[in-house]
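A.B. asks: what follows is a predicted protein model with its sequence.
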Amino acid sequence: MTNRPKHCLTIPYETQQGQLLIAGQTINSIIKKIGQTAFYAYDKQVMKDQVDSFRRYFPDISLHYAMKANPMQEVVDYMSGLVDGLDIASVGEMDIAIQSSTPASEISFAGPGKTLIELKRAIQAGVTLNIESEYELERIVSIAKQDNLLPRVAIRVNPNFELKASGMKMAGGPKPFGIDAERVPALLQKMKSLPVHFRGFHIFSGSQNLKPESLIEAHQKTFALALELAQFAPSTIEVLNIGGGFGIPYFPNETELDLQPIADNMNQLLPKVKKQLPDTEIVIELGRYLVGPAGVYICEVNDIKESRGKTFVITNGGLHHHLAASGNFGQIIRKNYPVAIANKMEAEQKQEVSIVGPLCTPLDILADNMQLPTIERGDLVAVFQSGAYGFSASPHGFLSHPMVKEILL
């Protein structure tokens, strides 16, 4: 075995005789199991390592897995045994979550515009509904009265601050997510006379952040807001979900998130919070951070062609399998994910190529003007950091090409 290649950031994978290993298995052996390329392979040990890292730094915080990052049933089943709860964003995800070992009492459902059917099914299942609007609360109360049930609810708060430097800002200013913080006290007063089981608050500011100082500021402001709102609560604050936002490095010059300063700040904040909210469970929900580094996307080279001095490597994969790697899922300026040739991991990088898929669109790019080993037809392209928002965020039906597969190792 050799150490991981430098051109793949901090990927947690090794090689054997030039071939990439995932969970100790060669790419060729994985292909035999699956029976095809293209596919996603997820490494359980990497997921566990990510969870263990969080636990070391934040021993007094409950950890929830945000399923939207990767809702594959086998992944959710595995993660359920490692974390304290699941956060879902649809009834489809709820069905997957309920099949896992996580009890319904530790599942929370967020997302604007929940339908009447979704609300009813969630209430019947006993999951906690994160209320996104006053009207949503009205619908929940109507179901409660009609079915003689006591819904478990929390208020998703849209704070008056945002998570700076986050890849996706989910709070601050006008947002479709949650209820504006200034409107929450009146709603809490109203809830005192409503047939609901109030559980607490969900305050999610943003995602994919690699700057500790931004997360530190967000945590300080989140706790301050929660303590202020707690004064108006109709009952004990059982749960305070302060969101996530922990990022992973994807692109050149990005480094792994340093958890130490974030943990140091948390240790300073928690005594005051626990003094004022002694019965409250503090939750951080993470998705990408837990499963993103565990995934590799593999596709096969079908053709190589020259066009006016530029070399194009054409594969049987692309944006229909991995929209994020193509740069069409949130990137403003397209950057390359870490990419390698899985069967030539120890080869010298000799040529500049662009790796594209088979789709009839110029958007179908997996690597643009990237230095890689000499590539031949039949070689295997590996895209790392692909465990989150890969398979589930991609338009698989576009142009009706063969479906990509997934495997948990």
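C.D. replies: Right, received. Where do you want to start? Residues are numbered from 1 along each chain as shown.

A.B. asks: lowest average confidence, helix or strand, in the protein?
C.D. replies: Using mean pLDDT, DSSP states H and E, the weakest-scoring helix or strand in the chain turns out to be strand 168-169, at a mean of 46.

A.B. asks: which residues sit in contact with the spatially closest residue to S100 that is not a sequence neighbour?
C.D. replies: Leaving aside its sequence neighbours, S100 sits nearest to S80 (C-beta to C-beta, 6 or more residues apart in numbering; 4.0 Å). C-beta: built from backbone N, CA, C; applies to glycine. Going by C-beta atoms under 8 Å, 6 or more residues apart in numbering, S80 touches Y65, L86, S100, S101, T102.

A.B. asks: show me the two of these that sit farthest apart.
C.D. replies: Spanning the widest gap among the contacts of S80 are Y65 and S101, at 12.1 Å by C-beta to C-beta.

A.B. asks: between these two, which one's more packed in?
C.D. replies: Taking neighbours as other C-beta atoms under 10 Å, Y65 and S101 compare with Y65 leading, 30 against 10.

A.B. asks: burial of T374, as a residue count?
C.D. replies: Neighbour number of T374 under other C-beta under 10 Å is 14.

A.B. asks: what's the closest non-adjacent residue to it?
C.D. replies: Spatially, and ignoring its direct neighbours in sequence, T374 is nearest to K350 (5.2 Å; C-beta to C-beta, 6+ apart).

A.B. asks: now that neighbour: how far from P338?
C.D. replies: Per C-beta to C-beta, to the nearest Å, K350 is found 18 Å from P338.

A.B. asks: those two: who's more crowded?
C.D. replies: Of the pair K350 and P338, P338 is the one with more neighbours under other C-beta under 10 Å, namely 24 against 10.

A.B. asks: check the offset of the host helix or strand of I282 from the chain's centre.
C.D. replies: When elements are defined using DSSP states H and E, I282 is found to belong to strand 281-286. Taking C-alpha atoms, centre = their mean, to the nearest Å, the mean C-alpha location of strand 281-286 is offset from the chain mean by 14 Å.

A.B. asks: what strands line up against it, and which way round?
C.D. replies: In the sheet, strand 281-286 lines up against strand 62-66 (parallel), strand 239-241 (parallel) (DSSP bridges).

A.B. asks: quick one: the helix or strand following the shortest one to strand 281-286, angle?
C.D. replies: Once the chain leaves strand 239-241, the next helix or strand it forms, by DSSP H and E, is helix 259-276. Computed by axes from the mean of the first three to the mean of the last three C-alpha atoms, to 10 degrees, the angle separating helix 259-276 from strand 281-286 equals 150 degrees.
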